[in-house]
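>>> Predicted model, plus sequence, below.
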Amino acid sequence: MTPNPYVFIVIFVGVALVFPLIPLALAWLWRRLFQPPKPGAQKNAIYECGVESIGEAQIQFRSQYYLYAIIFLIFDVEAIFLVPFAVAFTGLPIGAFVAILVFLLLLIEGLVWAWGKGCLNWAR
Amino acid sequence: MSEIDEGLRKELQRQGVWVTSMQELYNWGRKNSIWPLQFGLACCAIEMIATAASRYDIARFGGEVFRPSPRQADLMIVAGTVTKKMAPQIVRLYNQMPDPKYVISMGACAISGGPFKEGYNVLKGIDRYIPVDVYIPGCPPRPEALLHAFMELQRKIDSQKLTGENRAEHLDPAEPSEFPVPSFGEHDLEPPANRDVFQPPKIERT
């Protein structure tokens, strides 16, 4: 009789669990038996670049960064979509052509909005 | 284990039987996988990079795994001029390295301040704050000199005892693992040196 095809997946999952667990267990055992136990305030500190950590890690970004997100979308994501559009340009049906034009129009609208808001002016 | 006759050991080796002790095996593993901390301070760091690159190839001695985190490093190569601004960070990084840990003081600046010894902002030797295992003279030392220091360190690790009175520092609970980090005082680092923590070896000239 042929075994259930899912048996191999079960074996695979078992091996995938056991193989990482063996070195982890060995490392734990080695630490328990042979590690010279010398903890300290600095050795147990969180940060490890030589400078003491300051403040909290849970900080908020200012909401004004949405401008960068929009401009990134216009200039970077647009280029990614334009290249395949240009490559497939001659073979496109009319529906796809109109769809991509609508997409471009939305992005251009964003560009016009950002331009009108003065985001593209160099801050002096 | 050390009582085994050296001739008998050679004879056994000839027959394909390798007799060793736990200490030798442990030290053999440690000395052939020394992971240095990846940080350079000045021009000596360029020589350190050259030592790690293909021409000099510190990987031949098992030291190619430069770790960006002190938690994973065994060896600190103090490569270059230690300014007083940088000294507390170096001591802190050394404190954060797990035992056993070793220090190579590379170049004239790390040993004594070198050509900048009279400078107002240069630490006159990293051994004022942390213990140093191997000193390399030179300005900067050539990669061969760093390799030589690496081999000297391997020799030192190989000779360390795991038990007994003269056992290695990291296995002695009385020996400290962290050293006081100096702070910025009004004119100098406070304290200017921790002489009671570590005394550099005296050179005996005959």
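Noted; the coordinates are in hand.
>>> Can you report phi and psi for B:Ala42?
Backbone torsions for B:Ala42, taken as degrees, to the nearest 10, come to phi -150, psi -150.
>>> Show me the residue of chain A that gets nearest to chain B, please.
For chain A and chain B, the shortest gap (Cβ to the nearest Cβ) falls at A:Gly50, measuring 3.3 Å. In short, each C-beta sits where N, CA and C put it, glycine included.
>>> Around chain B, which positions in chain A sit nearby?
Within chain A, the positions adjacent to chain B are A:36-38, A:40-43, A:45, A:48-52 by Cβ under 8 Å from any Cβ of the partner chain.
>>> For these, give me CSV that also has pLDDT and neighbour count.
Below are these laid out as CSV (pLDDT from 0 to 100; neighbours: other Cβ atoms under 10 Å in any protein chain shown):
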residue, pLDDT, neighbour count
A:Pro36, 74, 15
A:Pro37, 77, 9
A:Lys38, 82, 18
A:Gly40, 83, 13
A:Ala41, 85, 8
A:Gln42, 86, 18
A:Lys43, 86, 18
A:Ala45, 85, 13
A:Glu48, 73, 18
A:Cys49, 80, 14
A:Gly50, 81, 18
A:Val51, 84, 11
A:Glu52, 84, 13
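>>> Turn the residues you listed into a markdown table, including secondary structure.
Formatted as a markdown table, these follow (DSSP: H, G, I helix; E, B strand; the rest coil):
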| residue | secondary structure |
| --- | --- |
| A:Pro36 | coil |
| A:Pro37 | coil |
| A:Lys38 | coil |
| A:Gly40 | coil |
| A:Ala41 | coil |
| A:Gln42 | coil |
| A:Lys43 | coil |
| A:Ala45 | coil |
| A:Glu48 | coil |
| A:Cys49 | coil |
| A:Gly50 | coil |
| A:Val51 | coil |
| A:Glu52 | coil |
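>>> sorry, back to before: could you look up the SS state of the residue lying closest to the residue of chain A closest to chain B once chain neighbours are set aside?
Closest residue to A:Gly50 apart from its sequence neighbours, by Cβ to Cβ, 6 or more residues apart in numbering or on different chains: B:Gln89 at 3.3 Å. Here B:Gln89 is recorded as helix under three-state DSSP.
>>> And for B:Leu8?
helix.
>>> Roughly how far does it sit from chain A?
Using Cβ to the nearest Cβ, to the nearest Å, B:Leu8 is found at 29 Å from chain A.
>>> residues near that residue, how many?
10 (other Cβ atoms under 10 Å in any protein chain shown).
>>> Would you tell me what helix or strand residue 27 is located in?
With no chain named, the answer covers chain A. Assigned by DSSP states H and E, A:Ala27 belongs to helix A:6-34.
>>> if you could check chain B rather than the one you did, that'd help
Using DSSP H and E, B:Asn27 maps to helix B:22-31.
>>> what's the answer for A:Phe81, then?
Going by DSSP H and E, A:Phe81 is in helix A:78-87.
>>> Quick one: mean pLDDT for that helix?
Averaging pLDDT along helix A:78-87 yields 87.
>>> Send me it as PDB with only the CA atoms.
Below are the C-alpha coordinates for helix A:78-87, written out as PDB (Å, rounded to 0.1, in the frame of the first residue of the first chain):
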ATOM      1  CA  GLU A  78       5.000  55.500 -10.900                       C
ATOM      2  CA  ALA A  79       8.400  54.600 -12.500                       C
ATOM      3  CA  ILE A  80       8.000  51.000 -11.500                       C
ATOM      4  CA  PHE A  81       4.600  50.800 -13.200                       C
ATOM      5  CA  LEU A  82       5.600  52.800 -16.200                       C
ATOM      6  CA  VAL A  83       8.400  50.500 -17.300                       C
ATOM      7  CA  PRO A  84       6.200  47.400 -17.800                       C
ATOM      8  CA  PHE A  85       3.500  49.700 -19.300                       C
ATOM      9  CA  ALA A  86       6.000  51.000 -21.900                       C
ATOM     10  CA  VAL A  87       7.300  47.400 -22.600                       C
END
